[in-house]
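Need coordinates for the below:
(one chain, ligands or ions: 1)
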Amino acid sequence: MLELKNVSKTFNPGTVNEKKALDKLSLNLNEGDFVTIIGANGAGKSTLFNAICGTFYTDEGQIILDGEDITLQPDYIRAKKIGHLFQDPMSGTAPGMTIEENMALAGSKGGWLSHVSKKEKELFREKLRPLNMGLEDRMHQPVGLLSGGQRQALTLVMATINPPKLLLLDEHTAALDPGTAEKVLNLTKSIIAEHHLTCMMITHNMQSALELGNRTFMMNSGHIIFDTANEERSKLTVNDLLERFKEGVGKQLDNDRMLLS
Ligand SMILES: Nc1ncnc2c1ncn2[C@@H]1O[C@H](COP(=O)(O)OP(=O)(O)OP(=O)(O)O)[C@@H](O)[C@H]1O
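The predicted model follows:
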């Protein structure tokens, strides 16, 4: 479903702030893979997602999504095929627009917002009902009035109204309180399972990295240094992951949030 071949990205080349964030990174995802991604601070995890979404063009390499070379495609074209959620619950929705308008925007295939049909309105309500947050009864309220957890749940529903070929989750529950984070994570799991989505999720929680999905990537210095799946992965513990990092990199993992969680 997704293939990256020798993808590299250097920020601020030729300056004192030069930073090689992706270094000839290659990966291959099968359709329906749900990959969790862990790694050191500054390993290039968010940069990998930004490269796939087209936030910037990569310096070299190729990105192929569902058989189509998207390496030079602009981000707004890729956005129709790739859902991207961030840590900040405020970033995925427009606060001044109502829930219905936000959903219409997410669900629109180039049509006009003013033409939200009765059928679409009912569909939006149906999508919100399973959240058990009462959002289906607040369709005409501005999204800015919702809590962070409600907004992140709405963002997730919006990102999957038209199921994307690829869903990228960049620590999307990290800014929520533990109870809300669990709710949004459960919602994530059920949406992924319902639509058989191919998904990559960055997390700082190593235990959930091993429990969620079917595959885990460990990143360091712009590379994937460990790729484990299925039976092999099911036998791993958090300590095995730490050991693996030390073996591969020659030093302890230095991600404070990861080690504290
Ligand atoms: N737009 C940018 N301009 C300059 N440098 C950047 C930019 N984005 C990322 N970097 C640098 O590239 C490196 C990789 O950053 P990235 O955010 O991808 O790491 P990460 O693995 O997501 O880290 P963390 O777990 O700390 O969020 C870091 O050194 C970062 O400072």
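
Could you give me the buried positions within stretch 13-30?
When neighbours are counted by 16 or more other C-beta atoms under 10 Å, the buried residues of stretch 13-30 are found to be K20, A21, L22, L25, L27, L29. C-beta: built from backbone N, CA, C; applies to glycine.

in what helix or strand does the residue positioned nearest the centre of the chain lie?
For the chain, the residue whose C-alpha lies nearest the mean C-alpha position (C-alpha atoms, centre = their mean) is L169; its distance is 1.6 Å. Assigned by DSSP states H and E, L169 falls within strand 166-170.

who's in contact with T188?
With contact taken as C-beta atoms under 8 Å, 6 or more residues apart in numbering, T188 is in contact with L156, L169, H172, T173, M201.

same thing but 10 Å
T188 makes contacts with 34, 85, 152-153, 156, 160, 167, 169, 172-173, 197, 199, 201, 212, as judged by C-beta atoms under 10 Å, 6 or more residues apart in numbering.

likewise L25?
Residues touching L25, when contacts are defined by C-beta under 10 Å, 6+ apart, comprise 4-9, 44, 47-48, 51, 58, 61, 217, 219, 222-224.

quick one: secondary structure of R125?
helix (DSSP: H, G, I helix; E, B strand; the rest coil).

And for it, the neighbour number?
Around R125 sit 16 other residues, with neighbours defined as other C-beta atoms under 10 Å.

shouldn't it be in contact with L131?
No. R125 is not in contact with L131 according to C-beta atoms under 10 Å; the separation is 11.0 Å.

Residues of the stretch 1-150 of the chain that sit close to the ligand?
Residues of the stretch 1-150 of the chain lying close to the ligand (C-beta under 6 Å from any ligand atom) are F11, N12, K19, A21, G39, N41, G42, A43, G44, K45, S46, T47.

By neighbour count, sort out the buried ones in those residues.
Buried positions within these, assessed by neighbour count (16+ other C-beta under 10 Å), are A21, G39, G42, A43, G44, K45, S46, T47.

you'd agree the third one is up against L22?
The reference is to G42. No. Using C-beta under 10 Å, G42 makes no contact with L22, being 11.7 Å away.

Between the two, which contacts overlap?
Listed as contacting both G42 and L22 by C-beta under 10 Å, 6+ apart are M219, S221, G222.

Throw together a PyMOL command that grabs the buried residues out of those residues.
Buried residues within the shared contacts of G42 and L22, by 16+ other C-beta under 10 Å, are selected in PyMOL with:
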select buried, resi 219+222
